[in-house]
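let's see this in three dimensions:
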Amino acid sequence: MNIGTTFHLCQDAVMAPKKTSTPRREDSLTRDRIIEAAIELLDSTGEGGLTFRSLSERLATGPGALYWHVANKDDLVNAACDAIVARTLADGAGGATPGDSIRELALALFDAIDRHPWVGSALAAAHGQLPMVRILERIGRQVRALGVPEEAQWATVSVLLNYILGVGGQNAANGQFARTHGIDRDAFLAALSSRWLALDPEEFAFTRSFADRLPAHDDRADFLAGIDVILDGIASAHAR
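Residues are numbered from 1 along each chain as shown. Next up, the predicted model:
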C-alpha cells in the first residue's frame, strides 16, 4: 500500500460521519414507570404472572435494566402495593368525626383490595413495611381522636386493622376465585341457600334462619356493619 492510499484511507476515517445511535428505551426508565407497569401486570395476571421477563417485555427493555431500580420481585410487589395504598389514603377526604373517618378509610381499602386482589396477600406479607405502616398510622390517629386511652390504643388499632385487611382480603379472594372459575355469584348464593335450608333445623337453627337472606346480602354493607360493631364496642368500652 503506498503513502497516498494510506492518506486517503485515514482521511476517510476522520471525515466519515458518526452513526447516530438510537437511544435505548431504558434511558427513560424510572422506578415509577416500572411500578405502574407492574401494577398493570398484577391486575391482569396476578402475582404469578409478574416476572422480570414479562415486565421487561411490557416496558420494551432488558430484564437487567430493571435491577437498577428494584432489587427483586418481593421489592417490586411491595412497592406496587405501597403505591396503591398511598393513593387510596390520599383520595380519602376524611369524615366529620373520627368514627366517620375510620368508616371511610375502611371502605376505601375494601374497595381498593377488591379492585386489586393481589394487594390483600401483598399486605399480609408486608410485615412492618411501609404499606402497612401507612394504614397503621392513619387508623391510629383516628383511634386517638376517638379518645381511646393510650394503654388500649394498640389493641384497638390491631382489631380494626385485622378486620379491615382480613375481610377485605377474603372478599377479594372470593371474587377472584369466582372470576377465574366462571362462577356466577347469584347462582352460587342461591344454591348455597338451598343447601342451608336443607340442614337439620335443630342442629343448624341459626344458619337456616339466615339462609333465605343469603342470596340478597351485600358484602360491602356487611363489611361496614362489622366496622360499626367495632366502633360501638370502642365507644362502650371507653365511654367517659
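
list the contacts for Leu224?
Going by C-beta atoms under 8 Å, 6 or more residues apart in numbering, Leu224 touches 103, 106-107. Yep, even glycine has a C-beta here, placed from its N, CA and C like the rest.

return the backbone torsion pair for it.
Main-chain torsions, Leu224, degrees, to the nearest 10: phi -70, psi -30.

neighbour-wise, which one of the contacts of Leu224 leads?
Among the contacts of Leu224, Ala106 has the most neighbours (other C-beta atoms under 10 Å), with 24 neighbours.

that one against Leu160, yeah?
Yes - Ala106 sits in contact with Leu160 when judged by C-beta atoms under 8 Å, with a separation of 7.4 Å.

shared neighbours of the two, which are they?
Residues within reach of Ala106 and of Leu160 at once, by C-beta under 8 Å, 6+ apart, are Ile227.

pLDDT below threshold where in this protein?
Scanning the chain with the threshold set as pLDDT under 70 gives 1-27, 93, 240.

which residues in it form helices?
In the chain, the helices defined using DSSP state H lie at 3-15, 31-45, 52-58, 63-66, 73-91, 98-115, 118-125, 130-145, 150-180, 185-197, 205-211, 219-237.

point out the most buried one among the ones you listed.
helix 118-125 (a mean of 22; mean count of other C-beta atoms under 10 Å).

could you check the angle helix 73-91 makes with that one?
Here helix 118-125 runs at an angle of 110 degrees relative to helix 73-91 (axes from the mean of the first three to the mean of the last three C-alpha atoms, to 10 degrees).

ok, for the spatially most central residue of the chain, nearest residue in space, not its chain neighbours?
With distances taken as C-alpha atoms, centre = their mean, Val119 lies nearest the centre of the chain, 2.5 Å away. Leaving aside its sequence neighbours, Val119 sits nearest to Ile113 (C-beta to C-beta, 6 or more residues apart in numbering; 5.0 Å).

next one: Leu161
Using C-beta to C-beta, 6+ apart, the closest residue to Leu161 is Ile139 (6.0 Å).

which residues touch the one you found?
Applying C-beta under 8 Å, 6+ apart, the residues near Ile139 are 102, 105, 157, 160-161, 164.

Ala108 now?
Ala108 is in contact with 88-89, 91-92, counting by C-beta under 8 Å, 6+ apart.

that one and Phe177: what is the separation?
Distance, Ala108 to Phe177, by C-beta to C-beta, to the nearest Å: 23 Å.

still on that earlier bit, ok, which pair from the contacts of Ile139 is furthest apart?
Using C-beta to C-beta, the two most remote members of the contacts of Ile139 are Leu105 and Val157, lying 11.9 Å apart.

ok, the residue nearest to Val119 touching Gln170?
No - in this structure, Ile113 is not within contact of Gln170 by C-beta under 8 Å, at 9.6 Å.

what residues are shared contacts of the two?
Counting by C-beta under 8 Å, 6+ apart, the shared contacts of Ile113 and Gln170 are Gly120.

can you add distance to Asp228 and give the contacts of Leu224 back as TSV?
Output for the contacts of Leu224, formatted as TSV (distance: C-beta to C-beta, whole Å):
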residue	distance to Asp228
Arg103	8
Ala106	10
Leu107	12
